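J.: Need a 3D model of the sequence below.
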Amino acid sequence: MSVAKMKDGRRWYVSVRYRDWTGAVRQHKKEGFLRQCDAKAYERAFLDRQNTGPAMTVETLYQHYRADFRLRLRPSTAETKEFLLERYVLPALGALPVREVTPTVLRTWQGELLRQALSPGYLRSISSQASALFGYAVRYYGLPENPCRLAGSLGRRSRGNMSFWTVEEFHRFLSAVAEDPLSRVLFSLLFWTGMRVGELLALTPADFDFSAHSISIRRTYQRRHRQDFFSPPKTPNSRRTIYITPALSRQVEEYIAQTGCLPQERLFPFTEHLIRGRMARGCARSGVKRIRIHDLRHSHASFLIEQGFPPILVAQRLGHEKIETTLGTYAHLYPDKQRQLVDALTAWESRYAPASPPD
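T.: This is a model prediction of the structure:
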């Protein structure tokens, strides 16, 4: 019998056998109910919970999830995911069974994060990783729904750190580093192509077609744990061909001839750290505002938008997987285009407006 009286003859207990998420038979016991109906209600609720999701802890779920994503994600992406989950999610939720992580539990956890005064963008990243973890449980371990979606997300996608140079500012910077052929070439490539710095550092002379004035982006470079790593580009659409001007093409070709770089050797055999140093010195000499290396990519995108190129073309050149990424990142640059659009419509409207009737 699963519901029976305790030895004192007054209170009730529940003793029920069930199978856990591994298939093993286990027994659960709960004592101290004053009424039989309360004990039976507890028994029904307990069995319902066993049928509505995995009994494994969040820590165990994370270990399964980690083993899966490490096979599928770029090493740097996997390390970021591990850091956020192990730093912010597991200490608070790791010991709980997955099915006991309710929206209420998550709201309490979110409150603890909010008290840490983390940036909105960082909070958004933590929240997204927690949602991905429980989404994995929904997809593969029978969790009925993702509690993170019911609890709501934290923070917001931050674009506050985005900055960029105008063409005039870039030329002031370039004049300050004109005596250094390396700086001229690498910063010109970053500004006029919008490629990611990892894509730049992976380039070899064989990636350039100087007759077609094009660059094939086929891999990316990272230095991690004192080792060089090459991996496919960030997304399938990041594997792309970027066309450049004949002048920039000649500049790169001359630089390769000067350095004697072999076709399969890295054209820029160093790390991002060297680029940051040269960029800082160039900014100091030119008086141009300091921006991040990645902001050169934003600079190229903002230039294309200012020239009136459509978002789909900007997305293709930058190697974005979806046009929504482009619009989400650079939407704030488009309002002026709306005014230009209305001005153009007004001009056409007045051109074809019917003549006023005579008095």
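J.: quick one: the helices in the stretch 101-250 of the chain?
T.: Remark: helices assigned in the stretch 101-250 of the chain by DSSP state H, counting those that start in this stretch are 103-114, 120-140, 147-151, 167-176, 181-193, 197-201, 246-259.
J.: of the ones you listed, which approaches Leu61 most closely?
T.: Leu61 sits nearest to helix 120-140 of all the helices of the stretch 101-250 of the chain, at 5.6 Å, using CB to CB. Quick note: C-beta positions are derived from backbone N, CA and C, even for glycine.
J.: what residue ranges in the stretch 251-359 of the chain score low on pLDDT?
T.: Across the stretch 251-359 of the chain, the ranges flagged by pLDDT under 70 are 331-341, 353-359.
J.: Recalculate using a threshold of 90.
T.: 302-311, 320-359 (pLDDT under 90).
J.: for stretch 131-151, which positions count as buried?
T.: By 16 or more other CB atoms under 10 Å, the buried positions in stretch 131-151 come out as 131-138, 141, 143, 146-148, 151.
J.: and those, which two are the farthest apart?
T.: Farthest pair in the buried residues of stretch 131-151, by CB to CB: Tyr141 and Ala151, 19.1 Å.
J.: Who are the contact partners of His213?
T.: His213 makes contact with 243-246, 248-249, according to CB atoms under 8 Å, 6 or more residues apart in numbering.
J.: 6 Å - rerun?
T.: 244, 246, 249 (CB atoms under 6 Å, 6 or more residues apart in numbering).
J.: For it, which non-adjacent residue is closest in space?
T.: Counting by CB to CB, 6 or more residues apart in numbering, His213 lies nearest to Ser249, which is 4.2 Å off, once chain neighbours are set aside.
J.: how much space is there between that neighbour and His171?
T.: Ser249 sits 19 Å away from His171, going by CB to CB, to the nearest Å.
J.: Chain neighbours aside, what residue packs nearest to Trp192?
T.: For Trp192, the spatially nearest residue (CB to CB, 6+ apart) is Leu248, at 5.8 Å.
J.: Could you measure from the one you found over to Ala212?
T.: Distance from Leu248 to Ala212, by CB to CB: 13 Å.
J.: Neighbour count: these two, which is higher?
T.: Leu248 (17 against 11; other CB atoms under 10 Å).
J.: Settle this for me: Arg297 is touching Gly194, isn't it.
T.: Yes: using CB atoms under 6 Å, Arg297 is in contact with Gly194, at 4.9 Å.
J.: show me where pLDDT drops low in the stretch 101-250 of the chain?
T.: 117-121, 140-144, 153-164, 222-237.
J.: Please say which of Ser249 and His171 ends up with more neighbours.
T.: Ser249 (19 against 14).
J.: separation between that one and Trp192?
T.: Applying CB to CB, the value for Ser249 to Trp192 is 11 Å.
J.: same deal with Ser183?
T.: Ser183 sits 14 Å away from Trp192, taking CB to CB as the criterion.
J.: now Ala151
T.: Counting by CB to CB, the gap from Ala151 to Trp192 is 45 Å.
J.: Ok, Gln316 next?
T.: Look at Gln316 and Trp192: by CB to CB, they are 16 Å apart.
J.: the more surrounded of the two?
T.: More crowded of Gln316 and Trp192, by other CB under 10 Å: Trp192, with 19 against 16.
J.: excluding its backbone neighbours, what's nearest Leu133?
T.: Spatial nearest neighbour of Leu133, chain neighbours left out: Tyr65 (5.7 Å); criterion: CB to CB, 6+ apart.
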